[in-house]
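Visitor: Need coordinates for the following:
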Amino acid sequence: QVQLVESGGGLVQAGGSLRLSCAASGRTLSTYNMGWFRQAPGKEREFVARITWTNGNTYYTAYADSVKGRFTISRDNAKNTLYLQMNSLKPEDTAVYFCNAVDTRVYWGQGTQVTVSS
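Guide: Purely as a prediction, here's the structure:
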């Protein structure tokens, strides 16, 4: 069983930065595809970024258009942790951010709140 715990959310002014972390336990996730999603009030959960493992220890990243150039997804396999560096934050980035891990099943964390004030 995989457990994911997000942290690093908070209140920040527009233009500021935050780094989210997603700590995994229960299994080593180096070969899992992992990602970040977010859900704003009254809206559906949406894709933010993912990091995909390929054979040969190569990872590929992909981003939603709305965050491309501002957010960076990364992972530290030694720490079994996924990160999301968020720069140039905008009020529309306000949401609960969730990480997930995908192998034969999909695992989700409980989410961390990010609030960007204008």
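Visitor: in the protein, which residue is closest to the centre?
Guide: Trp36 (3.0 Å; CA atoms, centre = their mean).
Visitor: who's in contact with that one?
Guide: Residues in contact with Trp36 (CB atoms under 8 Å, 6 or more residues apart in numbering) are 20, 22, 48-50, 71, 73, 82, 84, 97-100. (Each C-beta comes from the backbone N, C-alpha and C, glycine too.)
Visitor: let's go with 6 Å and repeat that
Guide: Contacts for Trp36 (CB atoms under 6 Å, 6 or more residues apart in numbering) come out as 48-49, 84, 99.
Visitor: can you list the residues that contact stretch 110-118?
Guide: Stretch 110-118 is contacted by residues 6-7, 9, 11-14, 89, 91, 93-94, 96-98 when judged by CB under 6 Å, 6+ apart.
Visitor: got it, and stretch 59-77?
Guide: With contacts defined as CB under 6 Å, 6+ apart, stretch 59-77 is touched by 30, 47-53, 82-88.
Visitor: Buried among those? Make that a ChimeraX selection.
Guide: To isolate the buried members of these in ChimeraX, using 16 or more other CB atoms under 10 Å:
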select :48,49,50,51,53,82,83,84,86
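Visitor: Filter the contacts of stretch 59-77 down to the ones in helices?
Guide: For those, not one is inside helices, with DSSP state H as the criterion.
Visitor: do you know how far the closest residue to Leu82 other than its chain neighbours is from Thr31?
Guide: Distances taken as CB to CB, 6 or more residues apart in numbering place Cys22 nearest to Leu82, at 4.1 Å, with adjacent residues excluded. Counting by CB to CB, to the nearest Å, the gap from Cys22 to Thr31 is 16 Å.
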